[in-house]
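# just a sequence and a predicted model for now, questions to come.
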Amino acid sequence: MSLGGPLATLFPIVPYLCFLSPLSAQVPKIEFEQSDLSAQATAVEQPPRLDGTLDDPLWRSAIPITAFRQREPDEDQPATEKTEVRILYTRRAVYFGIHCHDSQPSRIIATELRRDASQELDDHFEILIDARHDRRDAYVFGVNPLGTQADGLIVEEQGSDDETDFDPGWDGVWTSEARITADGWTATVEIPFTTLNFTHSVDALWGINFKRFIRGKNEEDLWRAYRRTFGLTKVSEAGELRGIHDIGSGRLFIVKPYGLARYDRQTGQPPLSPLTAGVDIKYGLSSSLLLNLTGNTDFADTEVDLQPFNITPFKVYLPEKRSFFLENAGIFKFPLGEQDQLFFSRQIGIDPVTGNQVPVNGGAKLTGTLGRLELGLMDVDTRSSGPNPRANVTIARLKESLWPGSYFGVMGIDKQSGDVLDGFNRTLGADTRLVFFKDWSLDAHIAGTHSPGNPSGANDVGASLAYRSNWLDGLVERRRTGPNFNPEVGFVERTDSDETLGDLTFKLRPRVPGVRELRFEGLLLDAPDTHGAVFTQERQNSFYAEFNDGAYTDDDIVDSFTQRITTPLHIYKDVFIPDGLYHFTRHQLAYGSRQDRRFTYGLVERFGGFYGGKLNEFRVQASYRASPRFSIGTTGTWDRFQLPLPNGNFSVVLASLQGNYSFNRFLTFTSLVQIDTSNTQAASASFRLRYNYRPDSDLYVIYNEGTQFASIAPANPPQVRETRFAVKYTYSFAP
């Protein structure tokens, strides 16, 4: 890999980064506020009754945790409703008894019965456990008043891509029950130590935190980390759990084979009816290292993508949904800027242009920590399929913890391919994140790629400085991406770019009835190519208002663009925007309804110029929760184009209708019907029945008509349509 060109601009700070590493020097000591941060667990000989109530006398032996404070709306003030948490443990598991008092129990909102579905529209409670007490990574277990479970991981104090508290890709084996009572709601939770990969300890010390969300008041209460700029993801600000002594538990070892029968027919191909089988294995090499193995990997049960309609000249970022790649995915994150990533797992096993699945022979993944070093190793092997030759991808990621929220890391990616013209692609990068005085953070990276022919300009270097407080958010970013920078297993929206970005947001909390926060944002982006020619520019002024009931308005007062098109941009059928430099201005009006009602909605109208013509975009998102068993949701976009081109006056409708019916917490049916009028075959559908007949074991019946995975390529390439019916059976057991 060549380190010349733009990478040389980072050389002056490399010695400084090395100086910060504990491998070469002592880490600067950052003092954090400390107070009474301890909770106490109580030992019991047998488990308490886990029926969702706290009637079992064993719960009375535990010391309740009650000192919850508001994060929203009134930071640091006592919670408006009392919350009590009691903690018990045996040699094999830890137990939480939760009592969420409510002075108006009729206002408790509980509508979600599907495991791992978002609980943001419900009252809910979350438990954070930092079992290694490394103050950077943690497990999160969430439960609503119906006992419905949601779980996930926090890695390096980062939540998920949609800004929720945790990354939901991890699934653990645990049990929960809940009841709505005359004075609020109660819940009981059992978490086996094996689920935490916690094998043995004479005197355990965990990081611990709790969050309660009261939907009717739009109130968020936490035990610790209740600063508005912190929240549950701030693992370093969690409290401590003491009192767990002399426990022993078997090593985490789960074997999960599957059997699959399916009928599969793609356009222009003969139908296939194979019977296949495979296996997934989880093995805890130690309390801090987890090995995942997969053989003949299948993703038939993965939810289908919502189909995008791309009106930009850039790639489309779509989130990963496949379970093997989601678990412990946070360790492999290497951000390059906004959504760009050095490693993007959707480049493995999915054709990036057609969205077709590429068969996966198998893979191995090792994740965890060794002292202050966090590591991730992955190897995945795929078979040839259509235009995709066989390939093997190896990823190595190392991150050394400095102080809370800060690290120095490196990543290497090697792709070996059966393509005779592109037999290999190698990527190497180093990055750091440094948090100062809690409110300041510095991010920097340096990366390069090497491919056949060893082209020059295959580097990417960037740095950003961010400030975040209750009244001001600020960001300054510089990034230079060479024209031949090509991480084939990554996601880069655009190469040949020399970007400067400035973003400033003022936040006010006026004493106006019903108004929680007002935000005024100004953004400046200038991204010419590496030779200085104008390519992308944006200037935006926006206004955002959040109301106490969860409603909001999000308005772009002015959003001005300058964009160069270097190859004709395909928008619709035979409509192509020709090469050239375009200037246009757009505006946006948006409103979202209050979130404590059965029916919620959001409306957006975006209008103004568009590449020499006009474009009006109307978007709607709505949901109706008729009961905890049944809900329905819809999204829709209506784009009306007026372009100075032949056939330039047209409209495109992109819509979806999703229905969910839960017979109970363990048997659910979901359906998704989509319409995209930019395609010849506009309608697609997916129906899925899931029976979770025992923990971590499922029976799926699935029917898909259309495309399961969407293309991430620019210019809306045609999709390959398929019809698939599948029955998948999984059985999880511990040998």
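Structure received.
# count the residues that sit near the nearest residue to Val360 once chain neighbours are set aside.
In this structure, Val360 finds its nearest non-sequential neighbour in Thr297, 4.1 Å apart by Cβ to Cβ, 6 or more residues apart in numbering. For glycine as for every other residue, the C-beta is placed from the backbone atoms N, C-alpha and C. Other residues near Thr297 number 22, with proximity taken as other Cβ atoms under 10 Å.
# Thr297 against Val358, yeah?
No: using Cβ atoms under 8 Å, Thr297 is not in contact with Val358; the gap is 10.8 Å.
# give me the common contacts of those two.
Residues touching both Thr297 and Val358 (Cβ atoms under 8 Å, 6 or more residues apart in numbering): Gly349.
# now Arg60, what's its secondary structure?
helix (DSSP: H, G, I helix; E, B strand; the rest coil).
# and Asn310, how many neighbours does it have?
20.
# quick one: contacts for it?
So Asn310 contacts Val316, Pro714, Ala715, Asn716 (Cβ under 8 Å, 6+ apart).
# look up how far Ala93 lies from Ala43.
12 Å (Cβ to Cβ, to the nearest Å).
# who has more neighbours out of the two?
Ala93 (20 against 15).
# hmm, back to that, which one of the contacts of Asn310 is nearest to Phe424?
Checking the contacts of Asn310 against Phe424 with Cβ to Cβ, the nearest one is Pro714 at 24.9 Å.
# that's a helix at that closest one, yeah?
No: secondary structure of Pro714 (three-state DSSP): coil, not part of a helix.
# so it is in contact with Pro308, correct?
No: Pro714 is beyond contact range of Pro308, at 10.9 Å (criterion: Cβ under 8 Å).
# so for the two, which residues contact both of them?
Joint contacts of Pro714 and Pro308 (Cβ under 8 Å, 6+ apart) are Val316.
# any idea how far Ala204 is from the residue nearest to Glu156 when sequence neighbours are not counted?
What sits nearest to Glu156 in space, not counting adjacent residues and going by Cβ to Cβ, 6+ apart, is Arg136, at 5.5 Å. According to Cβ to Cβ, Arg136 stands 18 Å off from Ala204.
# same thing with Val620?
Counting by Cβ to Cβ, the gap from Val620 to Ala204 is 50 Å.
# tally of neighbours for Lys217?
21.
# may I have the residues that are in contact with it?
Thr80 are the contacts of Lys217 under Cβ under 8 Å, 6+ apart.
# contact partners for the residue nearest to Thr354 when sequence neighbours are not counted?
Using Cβ to Cβ, 6+ apart and skipping the chain neighbours, the partner closest in space to Thr354 is Val720 (4.9 Å). The contact partners of Val720, taken as Cβ under 8 Å, 6+ apart, are Gln266, Thr267, Thr354, Gly355, Asn356, Thr707.
# which residues in the stretch 251-400 of the chain form strands?
Assigned by DSSP state E, counting those that start in this stretch, the stretch 251-400 of the chain shows strands spanning 253-266, 275-286, 289-297, 335-337, 340-341, 360-370, 373-382, 391-401.
# pick out the most distant pair among the contacts of Asn310.
Most distant of the contacts of Asn310, by Cβ to Cβ, are Val316 and Ala715, 10.3 Å apart.
# make TSV out of the strands of the stretch 251-400 of the chain and add mean pLDDT.
Formatted as TSV, these follow (pLDDT from 0 to 100):
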stretch	mean pLDDT
strand 253-266	92
strand 275-286	92
strand 289-297	94
strand 335-337	93
strand 340-341	96
strand 360-370	93
strand 373-382	95
strand 391-401	96
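# these: which one's closest to Leu88?
strand 275-286 (23.7 Å).
# please name the residues that touch the nearest residue to Trp223 once chain neighbours are set aside.
Distances taken as Cβ to Cβ, 6+ apart place Phe210 nearest to Trp223, at 4.5 Å, with adjacent residues excluded. Residues in contact with Phe210 (Cβ under 8 Å, 6+ apart) are Ile65, Phe68, Thr83, Val85, Phe125, Glu126, Ile127, Leu128, Leu222, Trp223.
# can you get me a residue count around the first one?
Residues within reach of Ile65, counting by other Cβ under 10 Å, total 21.
# who does the closest residue to it other than its chain neighbours form a beta bridge with?
The shortest distance from Ile65 to any non-neighbouring residue, by Cβ to Cβ, 6+ apart, is to Val85 (4.3 Å). Val85 has these beta-bridge partners by DSSP bridges: Ile65, Ile98.
# number of residues surrounding Val85?
Val85 has 24 nearby residues by other Cβ under 10 Å.
# how much space between it and Gly239?
Taken as Cβ to Cβ, the span from Val85 to Gly239 is 11 Å.
# between the two, which contacts overlap?
Contacts common to Val85 and Gly239, judged by Cβ under 8 Å, 6+ apart, are Ala39, Trp223.
# Arg372 and Ser401 touch, don't they?
Yes: contact status for Arg372 versus Ser401: in contact at 4.6 Å, counting by Cβ under 8 Å.
# these two: which has the busier surroundings?
Legend: neighbour count by other Cβ under 10 Å for Arg372 and Ser401, higher for Ser401 (22 against 16).
# just list the residues touching that one, thanks.
Here Ser401 is in contact with Asp134, Arg136, Arg372, Leu373, Glu374, Tyr407 (Cβ under 8 Å, 6+ apart).
# between those residues, which is closest to Leu50?
The closest of the contacts of Ser401, once distances to Leu50 are taken by Cβ to Cβ, is Asp134, at 29.4 Å.
# what's the nearest residue to that closest one if we skip its chain neighbours?
In space, Asp134 is closest to Thr369, 6.3 Å off (Cβ to Cβ, 6+ apart).
# so where do the strands sit in the stretch 551-700 of the chain?
552-565, 569-572, 575-577, 580-592, 599-610, 613-625, 630-642, 649-662, 667-676, 683-694, 697-706.
# by mean pLDDT, show me the worst of those strands.
For these, mean pLDDT drops lowest on strand 569-572, to a mean of 90.
# just checking, what packs against that one?
strand 575-577 (3 or more Cβ pairs under 8 Å, 6 or more residues apart in numbering; DSSP states H and E).
# partner strands of the strand it packs on, with direction?
strand 569-572 (antiparallel).
# return the set of buried residues in the strand it pairs with.
Using 16 or more other Cβ atoms under 10 Å as the test for burial, strand 569-572 gives Leu569, His570, Ile571, Tyr572.
# any chance of those residues in TSV, plus distance to Phe332?
Putting those into TSV (distance: Cβ to Cβ, whole Å) gives the following:
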residue	distance to Phe332
Leu569	32
His570	33
Ile571	34
Tyr572	36
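# rewinding a little: more neighbours: Val316 and Ala715, which one.
In this view Val316 and Ala715 are compared by other Cβ under 10 Å, and Val316 has more residues nearby, 19 against 16.
# that one: what's it in contact with?
Val316 touches Pro308, Asn310, Ala710, Ser711, Ile712, Ala713, Pro714, counting by Cβ under 8 Å, 6+ apart.
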